[in-house]
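Novice: Provide a 3D model corresponding to the input given below.
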Amino acid sequence: MNAKSVADVEGPWVEPELNSGLIQRCRDNWSKPVSQVTNHVLATFIRQKLALAIVVPEAENRLKRGFVDDTELYDEELEVAINELPKT
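Specialist: As a prediction, the model looks like this:
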């Protein structure tokens, strides 16, 4: 279980000038341990390329275990987010 949060990797939240659902979702989950955020939030952090060093391993672990929490916007959202990352 990973107790680190996106804030631990990216630093404290800095309030942007605009507000949107994406901003709100990131703000609400910024300081939560990645092991406690939803699959949808993990996919969001991955797509936004935030704290990849901790969110990608958490996402891969969930996919390997077949963990489903019914929060994804569409089937396999988390898997698609990982697969769309550039290969390094």
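Novice: Please, where are all the helices along the protein?
Specialist: Remark: helices assigned in the chain by DSSP state H are 6-10, 21-29, 39-47, 52-65, 77-83.
Novice: Kindly provide the whole-number mean pLDDT of the longest one.
Specialist: Mean pLDDT, taken over the full extent of helix 52-65, equals 97.
Novice: Ile3 - how many residues pack around it?
Specialist: Small correction: residue 3 is Ala, not Ile. Residues near Ala3, counting by other Cβ atoms under 10 Å, number 10. Backbone N, C-alpha and C define where each C-beta goes, glycine included.
Novice: Hmm, Lys32 and it touching each other?
Specialist: No: here Ala3 does not reach Lys32: they are 10.1 Å apart, not a contact under Cβ atoms under 8 Å.
Novice: So Ser43 is in contact with Ala59, correct?
Specialist: Just so we're on the same page, residue 43 is Ala rather than Ser. Yes: under the criterion of Cβ under 8 Å, Ala43 makes contact with Ala59 at 7.4 Å.
Novice: I'd like to know how far Glu79 sits from Asp8.
Specialist: 25 Å (Cβ to Cβ, to the nearest Å).
Novice: do the same with Trp30
Specialist: 10 Å.
Novice: if you count what's nearby, which of those two comes out ahead?
Specialist: The residue with more neighbours, out of Trp30 and Asp8, is Trp30; 20 against 15, by other Cβ under 10 Å.
Novice: Pretty sure that one sits against Val9.
Specialist: No: contact criterion Cβ under 8 Å: Trp30 and Val9 do not qualify, at 10.5 Å.
Novice: Great, nothing more from me.
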